[in-house]
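*Asks:* Structure for this input, please:
(4 chains)
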2 protein chains.
Amino acid sequence: MRVSIKDVARAAGVSHSTVSRALTHSPLIPETTRRRVERAAKKLGYAPNAMARGLITRQSRAIGVIVTSIADPFVAEIVRGIEQLAGDNGYRVVLGTSHNDPEREVNAVKALREWRVDSVIVASSRVGALYQPLLKDIGAPIVLINNQNQQKGRVIHSVAVDDVRGGEVATQYLVSLGHRVIGHIRGPVGYAASKNRIAGYRRALNAAGIPYDRTLIQTGDGRAEGGAQILKLLDHDPIPTAIFCYNDITAIGALRELKRRGIRVPRDLSLVGFDNIPFALYVDPPLTTIAQPMFEMGKRALQMALTLMRDSRAQVADVVIQGELIARASTRVRG
Amino acid sequence: MRVSIKDVARAAGVSHSTVSRALTHSPLIPETTRRRVERAAKKLGYAPNAMARGLITRQSRAIGVIVTSIADPFVAEIVRGIEQLAGDNGYRVVLGTSHNDPEREVNAVKALREWRVDSVIVASSRVGALYQPLLKDIGAPIVLINNQNQQKGRVIHSVAVDDVRGGEVATQYLVSLGHRVIGHIRGPVGYAASKNRIAGYRRALNAAGIPYDRTLIQTGDGRAEGGAQILKLLDHDPIPTAIFCYNDITAIGALRELKRRGIRVPRDLSLVGFDNIPFALYVDPPLTTIAQPMFEMGKRALQMALTLMRDSRAQVADVVIQGELIARASTRVRG
DNA sequence: ATTCTTTATGCAAACGTGTGCATAATTTTG
DNA sequence: CAAAATTATGCACACGTTTGCATAAAGAAT
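*Replies:* As a prediction, this is how the structure comes out:
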């Protein structure tokens, strides 16, 4: 049942070295014997053993991907991008999910190390932030996606969306619709993304000559519940005509809260999110947002990993990807 | 940089065999030397090489998971269930995506074979249907999730939702709300799921003494576009007061179409989907549906794989999981 | 026809583990 | 205290590849 390279060798009447070379298309082997070997291999149903090969070549052709939860559609898109490009280049994706559980996080990183993955891509901000030493121990190039930490290094690289510019574009758009009193529900404190999106928000206000009013900013939690903070903004004087939310989930939470209060979007209030999660298209009204090209980010991360795997001392610059404004029905000109 | 078991042996002043045994907690090694070895291992930053280990133990502790697209939230939930339980049992998930592309499908299966995965879980109906011979060649137990094919075997097993019962429960619920003229947008022809859900639909009608009218069934495609078929049902005489859709995506597509025509759900028409995809909760109105416990199914599949990996000749019965009716606002009593 | 290249192939070592068997060291038994 | 049983450890082989080196065969050059 188990057929190794030696069985093929016997069947083809050559040594196992010749078989190895033939099947890897070594130029040392003339086409005639290569064909004979291939025929024997096919007949016996031979499939090379990746573990044995990896042991000697010192590369697993596996790339480890650590994510918080694969069920997050945002994350899933990233993994899809990674997996696709990886598959096209003969690499396999080994999954590790952290679920923000320290034990799982450590387990995942350790397992990837034992597997001797050729590269690691991390789309779990906690892991990217907390376990850099552990990650480095893997001894393979590391690419962080949307990491919230600032450190750099020879082995750690990153792909991220341009949060500042994204926040700016979102706010700019609201300004262009005639809004002058624009609120913001920010993301969790400590996240670089929260800070950067606010920076973009302020930059846009500044460019439009609108004075910055810190009481127009409430602090959410990046989840639907945080959207309820919008109620506080409704008490503001003057009352805002538009709100830029940290992300779509927050905006959707806010939307639900507004609907409960009988406040109509976009007639009474314009709403902008961030991320362009799949939901955003289906809520009522469909949400204006800044799309994060997640699939693209996954691909870029893997691309980066590929060049680093080919030459570990290659100079690769961190990638910053621009989001895209998706104008939908949750925004309209100030009435 | 690279530290093997021999380096640890030297540092601890023992042979590499002793190190191996010590680190695997063999009872042959007394605690005192085990501690010494562990200390040396930690000091050198040793991590066992999974490939070398797998080569000799003849098991990779990897389980291959083939899915159509990880970006499908349904699939993502399954993978989450698999990954979680796998991780808890010391197994890693190796991903292979097919995207209904024959080339990718074959590549994925072949790669998993070369990797010598200990088990394969397939959540891609095409792969499960078309590549059974190739799958069997892997020589590891196979578990198919929601497979649309009927074949069984010693190596191929399955976990699936009870589509007949699901269709029955959905229709039953509409009947219980007083509906008598109930339409159905079926799924693609050739899918066992389509046929089974119809069977359940008919069974419920039958139990309620409602005659079956085949003109109340239109054929969708399982995608949002197929939801447009609902327009044909509106021409039916008498006009249906409720529609059971093959799946949520179809129902959402139908919903969009109805909204465009000014038909109000559930006032004018009740709508039931199937699957309970995440969207279903967020559309307006939230969709009544049959929940497929996808996370659970992933877990059950892996559980099955685990018992089969421990004993390849274990007798495991195929698992049929019951869906759950989630009553939301897209249905109401006949007005 | 002999020497020199070139081409085709095999030998053997290595990758990093696990493990059966043998042996050395220690303890128990009579 | 000698013999027997137990415990601790090492040796060497195996897993299935890849690859440097050596050699055999064949062709080219003189």
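*Asks:* C-alpha from now on. contacts and neighbour counts both.
*Replies:* Noted.
*Asks:* Distance-wise, check A:Val169 relative to chain B.
*Replies:* For A:Val169, the distance to chain B equals 27 Å [Cα to the nearest Cα, to the nearest Å].
*Asks:* let me fix that: A:Asp268
*Replies:* Using Cα to the nearest Cα, one obtains 19 Å as the distance from A:Asp268 to chain B.
*Asks:* do A:Ser124 as well
*Replies:* A:Ser124 sits at a distance of 15 Å from chain B (criterion: Cα to the nearest Cα).
*Asks:* buried residues in stretch A:319-335?
*Replies:* Counting neighbours by 16 or more other Cα atoms under 10 Å in any protein chain shown, one finds that the buried residues in stretch A:319-335 are A:319, A:321-334.
*Asks:* Sort out which of the residues you listed are in strands and list them.
*Replies:* Residues of the buried residues of stretch A:319-335 located in strands (DSSP state E): A:319, A:321, A:324-326.
*Asks:* Make a markdown table out of those and add distance to DNA strand C and pLDDT.
*Replies:* Compiled in a markdown table, those are given as follows (distance: Cα to the nearest atom of the strand, whole Å; pLDDT from 0 to 100):
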| residue | distance to DNA strand C | pLDDT |
| --- | --- | --- |
| A:Val319 | 33 | 96 |
| A:Ile321 | 38 | 97 |
| A:Glu324 | 46 | 97 |
| A:Leu325 | 50 | 98 |
| A:Ile326 | 51 | 98 |
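*Asks:* contacting residues around the helix or strand bottoming out on mean pLDDT in chain A?
*Replies:* For chain A, counting by mean pLDDT, DSSP states H and E, helix A:125-130 ranks last in confidence among helices and strands (a mean of 85). For helix A:125-130, the external contacting residues (Cα atoms under 8 Å, 6 or more residues apart in numbering or on different chains) are A:98, A:100, A:105, A:122, A:144-149.
*Asks:* And chain B, is the one helix or strand A:Arg256 maps to touching that?
*Replies:* Assigned by DSSP states H and E, A:Arg256 belongs to helix A:248-261. No - for a cut-off given as Cα under 8 Å from any Cα of the partner chain, helix A:248-261 has no contacts with chain B; the smallest distance is 9.0 Å.
*Asks:* Could you check the angle the helix or strand encompassing A:Gly81 makes with helix B:73-88?
*Replies:* Under the assignment given by DSSP H and E, the secondary-structure element containing A:Gly81 is helix A:73-88. Per axes from the mean of the first three to the mean of the last three Cα atoms, to 10 degrees, the angle that helix A:73-88 makes with helix B:73-88 is 80 degrees.
*Asks:* And helix A:73-88, what does it pack against?
*Replies:* Taking 3 or more Cα pairs under 8 Å, 6 or more residues apart in numbering or on different chains; DSSP states H and E as contact, the helices and strands that helix A:73-88 lies on are strand A:92-97, helix A:294-310, strand B:92-97.
*Asks:* Please say whether there is contact between the last one and chain A.
*Replies:* Put plainly, it is strand B:92-97. Yes - with Cα under 8 Å from any Cα as the criterion, chain A is reached by strand B:92-97 at B:92-97.
*Asks:* So what's the residue count around A:Tyr201?
*Replies:* As a burial measure, the neighbour count of A:Tyr201 was computed by other Cα atoms under 10 Å in any protein chain shown and equals 26.
*Asks:* where's the residue of the stretch 151-300 of chain A found nearest DNA strand C relative to DNA strand D, distance?
*Replies:* When Cα to the nearest atom of the strand is the measure, the stretch 151-300 of chain A has its nearest residue to DNA strand C at A:Val155, with 20.5 Å between them. Going from A:Val155 to DNA strand D by Cα to the nearest atom of the strand, to the nearest Å gives 24 Å.
*Asks:* Having no further points to raise, I will conclude here.
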